[in-house]
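>>> Need coordinates for the below:
(chains A, B, C and D)
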Number of protein chains: 2
Amino acid sequence: MNIDADAADEAPPKAPPASVWTRPQRRQKEQLTRERIVAEAIRLLDADGLEALSMRTLGQRLGAGATSLYRHVASKDELIELVADEIYAEMEVPEISDPASWRLAVHAVAHTLRAAGLRHMWLGQVLGQVGMTYVGPHVVDVTSRSLAILTTAGFSMEEATKAMGTVSSYVLGATTAEAGWLMALRRNGYEERDWLTIIGPTVMESAADSGLTDFYLEQLKRDPEQVRVENFDYGLVLILDSLQARLTARLADQANQESETLPGR
Amino acid sequence: MNIDADAADEAPPKAPPASVWTRPQRRQKEQLTRERIVAEAIRLLDADGLEALSMRTLGQRLGAGATSLYRHVASKDELIELVADEIYAEMEVPEISDPASWRLAVHAVAHTLRAAGLRHMWLGQVLGQVGMTYVGPHVVDVTSRSLAILTTAGFSMEEATKAMGTVSSYVLGATTAEAGWLMALRRNGYEERDWLTIIGPTVMESAADSGLTDFYLEQLKRDPEQVRVENFDYGLVLILDSLQARLTARLADQANQESETLPGR
DNA sequence: CGCCGAAGCGAACGGTGTGCGCAAGTGCGA
DNA sequence: TCGCACTTGCGCACACCGTTCGCTTCGGCG
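Residues are numbered from 1 along each chain as shown, chains lettered A, B, ... in the order given. Presented below is the predicted three-dimensional model:
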């Protein structure tokens, strides 16, 4: 019935363009938008990796010509910037009321970031080429809310900035390495443990330290994924420990200064 | 005279190929080798960035056709792996005799790595796409010698591995971010301070914290490069502090256990 | 002297990002 | 209700890319 109405509406003005059935019903399927493009790009990247993202295939997936995308996106580079920022929309940054809970909160942020980097294994490559200090709204949002955690914990603005920079640099480096490792595995079609036993000897022959070999063999017996999480957490805890020490020292210092100027001295 | 000899040698067999002068004297200019290719690739990358590296231009620079390179290198990806490994040949990893000097040594390694990453700003992108845990001889060499520093300092093999992983993840993340930032500047043709004052307001409007604004304005007065080194060192010291704490705890523990089993009790 | 394996390279293929000009469709003012 | 301006989509074309194939050229060895 709807069909009849359509035909009645559009037949009078122009007859030539064939019938209602052959005519492309473009507005039927929703329009091309920046959001749809970015979303589909992310899906494509997740499925097939960075090198598989081309404007032509992306357009095809959206039922559009390759060059149509350029109405909504200035260039492929800009698209990649948009994609990178969009990933930061997935991050969960907890808001804290109790200053003492900063450690847990930062820990959570770090793990959220790592999870995103492993969910979208191309993120490391993309951030490396996009600049990563680049200012998309979601990136700004995540960083400012992360900073808030540290400042309410008692850190100065300056130290909070440096601290957050350290954490995110570490997480980013670690995650990029991890993702790269996993992608190399996938490329070669190996299981993690198999590949390890294959390249093991090659690594060993340069490092003549026997302790290394023992440790290496020990690692092979454990669940590789668990080992990776453990390694990641080791470094994270290293950083958090130092931050905690800095914070307590700072707070103690403040208390001292206050008591000095107090009449009670 | 040498020329005469050449002519005498080669004229008899075949006269037709024109004169000695017009005939291309290919073996005169040194042959294409893997080393020459990698070296020129690095030079090209340093000058014009990753996206400027194409087999055609690289061949041209070497006075060779594009496809000639494939006699010495299986693919562009393999070339990039070679290039990445070659960079690690530049790293200086100190050897230590005094176990107590491990801190300085690790500090030096970190700065060497950072320097390399800034000298070759494309390194971050390349390592992100190559896997970075990949095993080229120079990479293996650097990591095993770095591990040696920590083990002679008293760390267990397991902890040394995790610790080195943490340090290099941090350095890599920080350096990649820094290089990306600098390259973004260069792309847009801005000086560091100018660009900061331009994008400043954009960042601020999302982060309504007034403390941030003050701190931000403060930063603008200082030498940007010095600020970057300082930020880098802040995070590095954070990690080193924690490592030091772990080490002393470990050594104290060992001492305790020994004294317990000693007759002196 | 003859020959054979290696090295270099020109042409070609399928694919890329993107500028340009035209066609189709939409919504708004008269 | 009509007409027009503006947006949106797209086919074509260009320059460039990585890589394959088969041909030429050459050095060294028997």
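
>>> can you tell if whichever helix or strand A:Asp233 is part of touches chain B?
In this assignment (DSSP states H and E), A:Asp233 forms part of helix A:224-261. Yes - counting by CB under 8 Å from any CB of the partner chain, contacts between helix A:224-261 and chain B involve A:231, A:234-235, A:237-239, A:241-243, A:245-246. For every residue, glycine as well, the C-beta is placed using N, CA and C.

>>> Could I have the buried ones of those as PyMOL selection syntax?
In PyMOL, a selection of the buried entries from the residues of helix A:224-261 next to chain B looks like this (16 or more other CB atoms under 10 Å in any protein chain shown):
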select buried, chain A and resi 231+234+235+238+239+241+242+243+246
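
>>> Could I get the residues of helix A:224-261 next to chain B in CSV, plus columns for pLDDT and distance to DNA strand D?
What follows is the residues of helix A:224-261 next to chain B, written out as CSV (pLDDT from 0 to 100; distance: CB to the nearest atom of the strand, whole Å):
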residue, pLDDT, distance to DNA strand D
A:Asn231, 97, 32
A:Tyr234, 98, 37
A:Gly235, 98, 35
A:Val237, 98, 41
A:Leu238, 98, 40
A:Ile239, 98, 39
A:Asp241, 98, 45
A:Ser242, 98, 43
A:Leu243, 98, 44
A:Ala245, 98, 49
A:Arg246, 97, 47
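
>>> Quickly name whichever of the residues of helix A:224-261 next to chain B is closest to B:Ala74.
A:Asn231 (32.0 Å; CB to CB).

>>> ok, A:His72 touching A:Leu32?
Yes - counting by CB atoms under 8 Å, A:Leu32 is a contact partner of A:His72 at 6.1 Å.

>>> When these two are compared, which one has more neighbours?
Comparing A:His72 with A:Leu32 by other CB atoms under 10 Å in any protein chain shown, the one with more neighbours is A:Leu32, at 20 against 17.

>>> how about that one, what does it touch?
A:62, A:64, A:68-69, A:71-72 (CB atoms under 8 Å, 6 or more residues apart in numbering or on different chains).

>>> Tell me which two in those are the farthest apart.
Top of the distance list for those (CB to CB): A:Leu62 and A:Arg71, 12.1 Å.

>>> which one of these two has more residues nearby?
A:Leu62 (20 against 11).

>>> and the closest residue in space to the more buried one that isn't next to it in sequence, what element?
Excluding its sequence neighbours, the residue lying closest to A:Leu62 (CB to CB, 6 or more residues apart in numbering or on different chains) is A:Glu40, at 5.6 Å. Here A:Glu40, judged by DSSP H and E, is contained in helix A:34-48.

>>> what does A:Leu58 give?
Going by DSSP H and E, A:Leu58 is in helix A:55-61.

>>> quick one: buried residues of that helix?
Judged by neighbour count using 16+ other CB under 10 Å, the buried positions of helix A:55-61 are A:55, A:58-59.

>>> likewise stretch A:61-78?
Judged by neighbour count using 16+ other CB under 10 Å, the buried positions of stretch A:61-78 are A:62, A:64, A:69, A:72-73.

>>> The closest residue to A:Ala41 other than its chain neighbours: neighbouring residues, count only.
Leaving aside its sequence neighbours, A:Ala41 sits nearest to A:Val83 (CB to CB, 6+ apart; 5.3 Å). Neighbour count of A:Val83, defined by other CB under 10 Å: 23.

>>> ok so, going back, for A:Pro224, state which of the buried residues of helix A:55-61 is nearest.
Using CB to CB, those come closest to A:Pro224 at A:Leu58, 33.5 Å.

>>> The closest one is in contact with A:Leu69, isn't it?
Yes - assessed by CB under 8 Å, A:Leu58 is found in contact with A:Leu69 at 6.6 Å.

>>> residues shared between the contacts of these two?
With CB under 8 Å, 6+ apart as the test, A:Leu58 and A:Leu69 both reach A:Ile37.

>>> any low-confidence regions in chain A?
Counting by pLDDT under 70, the low-confidence segments of chain A come to A:1-29, A:132-134, A:200, A:202-212, A:261-265.

>>> Can you give me every residue that contacts A:Ile199?
Taking CB under 8 Å, 6+ apart, one finds B:Val135 in contact with A:Ile199.

>>> what's the answer for A:Ala105, then?
Counting by CB under 8 Å, 6+ apart, A:Ala105 touches A:93-94, A:96, A:149.

>>> mind redoing it with 10 Å?
Contact partners of A:Ala105, counting by CB atoms under 10 Å, 6 or more residues apart in numbering or on different chains, are A:93-96, A:98, A:145-146, A:148-150, A:152-153.

>>> What strand or helix carries A:Ser144?
Assigned by DSSP H and E, A:Ser144 belongs to helix A:137-153.

>>> in the stretch 101-250 of chain A, what residue is nearest DNA strand D?
Using CB to the nearest atom of the strand, the closest approach of the stretch 101-250 of chain A to DNA strand D is made by A:Arg187 at 13.1 Å.

>>> Confirm for me that that residue is in contact with A:Met121.
No - look at A:Arg187 against A:Met121 with CB atoms under 10 Å: they stay out of range, at 11.2 Å.

>>> Common neighbours of these two, please.
Common neighbours of A:Arg187 and A:Met121, using CB under 10 Å, 6+ apart, are A:Gly49.

>>> Between the two, which is the more surrounded one?
A direct count of neighbours by other CB under 10 Å for A:Arg187 and A:Met121 places A:Met121 higher, at 21 against 11.

>>> Identify the residues contacting that one.
With contact set as CB under 10 Å, 6+ apart, A:Met121 has these partners: A:45-46, A:49-50, A:175-176, A:178-183, A:186.

>>> In which helix or strand does it reside?
Going by DSSP H and E, A:Met121 is not in any helix or strand.

>>> Close to DNA strand D: what parts of the stretch 101-250 of chain A are there?
Counting by CB under 7 Å from any atom of the strand, no residue of the stretch 101-250 of chain A lies close to DNA strand D.

>>> Residue of the stretch 101-250 of chain A nearest DNA strand C, please.
For the stretch 101-250 of chain A, CB to the nearest atom of the strand, closest residue to DNA strand C: A:Gln129, 12.9 Å.

>>> quick one on the thing from earlier: quick one: buried residues of the helix holding A:Ser144?
Neighbour counts over helix A:137-153 (16+ other CB under 10 Å) mark A:138-153 as buried.

>>> Measure how that helix sits relative to helix A:224-261, angle-wise.
50 degrees (axes from the mean of the first three to the mean of the last three CA atoms, to 10 degrees).

>>> Helix A:137-153: how far from the chain's middle?
16 Å (CA atoms, centre = their mean, to the nearest Å).

>>> Repeat that for stretch A:49-59.
Distance, centroid of stretch A:49-59 to centroid of chain: 19 Å (CA atoms, centre = their mean).

>>> Grab the CA positions of that stretch and hand them over as PDB.
Only the C-alpha atoms of stretch A:49-59 are listed here, as PDB (Å, rounded to 0.1, in the frame of the first residue of the first chain):
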ATOM      1  CA  GLY A  49      43.600  -4.900   9.800                       C
ATOM      2  CA  LEU A  50      44.900  -1.600   8.900                       C
ATOM      3  CA  GLU A  51      46.300  -2.400   5.500                       C
ATOM      4  CA  ALA A  52      42.800  -3.700   4.400                       C
ATOM      5  CA  LEU A  53      41.200  -0.300   4.900                       C
ATOM      6  CA  SER A  54      40.800   1.400   1.600                       C
ATOM      7  CA  MET A  55      38.300   4.000   0.500                       C
ATOM      8  CA  ARG A  56      37.000   1.700  -2.200                       C
ATOM      9  CA  THR A  57      36.200  -1.300   0.000                       C
ATOM     10  CA  LEU A  58      34.900   0.900   2.700                       C
ATOM     11  CA  GLY A  59      32.500   2.600   0.300                       C
END
